[in-house]
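Colleague: How does the following fold in three dimensions:
(one chain, ligands or ions: 1)
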Amino acid sequence: MTTNHNQKFYEKTPDERRQLLGKQFGLSKTELAALAADASPAGNQTIENYLTDYRIPEGVVTGLVVNGKEYTVPMAIEEPSVIAAACNGAKMTAYSGGVAAPEQDRLMIGQVVLKNVANPYLFKNRLLKQEDEILKVANEAYPSIQQYGGGATGIRVRCPEDFVIIDLLVDVVDAMGANMVNTMAEAVGHWLSAKGQTVVAAILSNYATDSLQSVSCTLDFADIATDQLSGADVASRIADLSFLAQVDPYRATTHNKGIMNGIDAVMLAAGNDWRAIESGAHAYAAMEGQYRGLATWHVVGDKLVGKMTLPMAVGTVGGSIGTRQLTATNAKISQIKSAPELAAVAASVGLVQNLAALRALATSGIQAGHMKLQYRVVAMRAGATAEEAGLLAKRLAGLDHVDEQVAQQELSKMRKEQAHD
Ligand code: NDP
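Modeller: Numbers count the residues shown, from 1 in each chain. Alright, predicted model coming up:
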């Protein structure tokens, strides 16, 4: 390889970049070969300063029933216990019919923000009267979305502090819509600038309150009982934990982290922008001024009822979705055909994920299940090969205390025993 030193880093080839970093940071030949082995031409076309594809494990949640249909849903995640918990939650809800998820509305919001408006409230009325013209400007900036049945459909105008904000509502059909909404918002911004207005920003809002997805499930007590506790007791403890997440932000944050474990993993495997979903979800969790748990659980008669609503600005087309073969393969596995269906299924995974976490927390404690799966990771951290990890994990599960040092000792014991066999 010849390196052109006059080239800027972003102008170099991935191999040149890897070699340069190898020299600068003392990477070994094996490390450089591993970076090269996972590199892809598509990755290099996707981001700046590309080196390689960072791979994380992908699995599937099985037996998830949503709106009466059974799904197998790919999830990409490095945290060991998430998919096991999702399967457990899916199984518990499936006994009583699964998750109900009515079809979401799908409007994304583009904000056009003005300042220095002499009389904001008079101006607001003027804008509302000009709605058709504003929508025409927006739709002319991105005409192709209309061929899919979408486009800019309405405006709202708000006047917080000294700003006047036009919320442009856009039906983005099966796309997440960030690029198209940004294009439309900027066009409206230019149109207003040309009329002498001071435009502060023209950009999509990730607080996608017009793309909410609701999910709910109703469980029989018998389906959540454990060997030690009756279903009624488990339900009552889950309801207590749910209430705690409504009143204590410290608990609510972890409650919601568990929900997002499932949703993010589905989003990643579906090629979606999970950061957009995360930001919208957390903003929605704090919509009343206090950060609260997104999912709630109540005992109603002899049933446990779980409910959740959150913004789900998802897409089955657009962005980098079409650039990765694995995303297309995952869509074949999930059999999800549209963005509303993806929103329904992903939110359902979040709800069943929360159920499994709360049931564990309410009964055996969260560590029992977690550690069983974590042992394999501890085993690999201690130096076990992928072949040894399963066996070592089993041995670790039988010990009272496990840390990396203990795992290393157990690994050398295991290797000695195997050498003698
Ligand atoms: P695109 O810019 O790729 O737009 C979606 C395209 O999909 C449409 O333009 C259309 O192409 C095509 N399409 C085909 N079938 C359909 C259908 N049934 N419904 C709708 N569109 C269809 O992507 P998005 O606008 O969705 O933007 C998503 C990307 O934006 C993500 O990668 C995200 O990470 C990124 N982003 C996110 C931001 C944020 O969240 N704040 C900010 C900026 C970017 P055609 O018109 O050619 O037919």
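
Colleague: Sketch out the low-pLDDT regions of this protein for me.
Modeller: 1-6, 367-372 (pLDDT under 70).

Colleague: touching the ligand at all, stretch 330-348?
Modeller: No: using C-beta under 6 Å from any ligand atom, stretch 330-348 stays clear of the ligand, with a minimum separation of 7.4 Å. (C-beta placed from N, C-alpha, C; glycine too.)

Colleague: Using PDB, write out every CA atom in that stretch.
Modeller: Coordinates of each C-alpha in stretch 330-348 appear next as PDB, following Å, rounded to 0.1, in the frame of the first residue of the first chain:
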ATOM      1  CA  ASN A 330     -34.200  -9.800   8.900                       C
ATOM      2  CA  ALA A 331     -37.300  -8.400   7.300                       C
ATOM      3  CA  LYS A 332     -37.900 -11.800   5.700                       C
ATOM      4  CA  ILE A 333     -37.600 -13.500   9.000                       C
ATOM      5  CA  SER A 334     -39.900 -11.100  10.800                       C
ATOM      6  CA  GLN A 335     -42.300 -10.900   7.900                       C
ATOM      7  CA  ILE A 336     -43.000  -7.300   8.800                       C
ATOM      8  CA  LYS A 337     -44.300  -5.500   5.700                       C
ATOM      9  CA  SER A 338     -44.800  -1.900   6.700                       C
ATOM     10  CA  ALA A 339     -43.700   0.800   9.100                       C
ATOM     11  CA  PRO A 340     -46.900   0.700  11.200                       C
ATOM     12  CA  GLU A 341     -46.400  -3.100  11.600                       C
ATOM     13  CA  LEU A 342     -42.800  -2.600  12.600                       C
ATOM     14  CA  ALA A 343     -43.900   0.100  15.200                       C
ATOM     15  CA  ALA A 344     -46.500  -2.300  16.600                       C
ATOM     16  CA  VAL A 345     -44.100  -5.200  16.900                       C
ATOM     17  CA  ALA A 346     -41.100  -3.300  18.300                       C
ATOM     18  CA  ALA A 347     -43.300  -1.600  20.900                       C
ATOM     19  CA  SER A 348     -44.700  -5.000  21.800                       C
END
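
Colleague: just use 51 as the starting number from now, easier for me
Modeller: Sure thing, new numbering starts at 51, so read that last one as stretch 380-398.

Colleague: Remind me which helix or strand the residue nearest the centre of the chain belongs to.
Modeller: For the chain, the residue nearest the mean C-alpha position is D314 (2.3 Å; C-alpha atoms, centre = their mean). D314 is part of helix 299-319 when elements are defined by DSSP states H and E.

Colleague: That helix and the ligand, are they touching?
Modeller: No: Helix 299-319 does not reach the ligand (C-beta under 6 Å from any ligand atom); its nearest approach is 10.7 Å.
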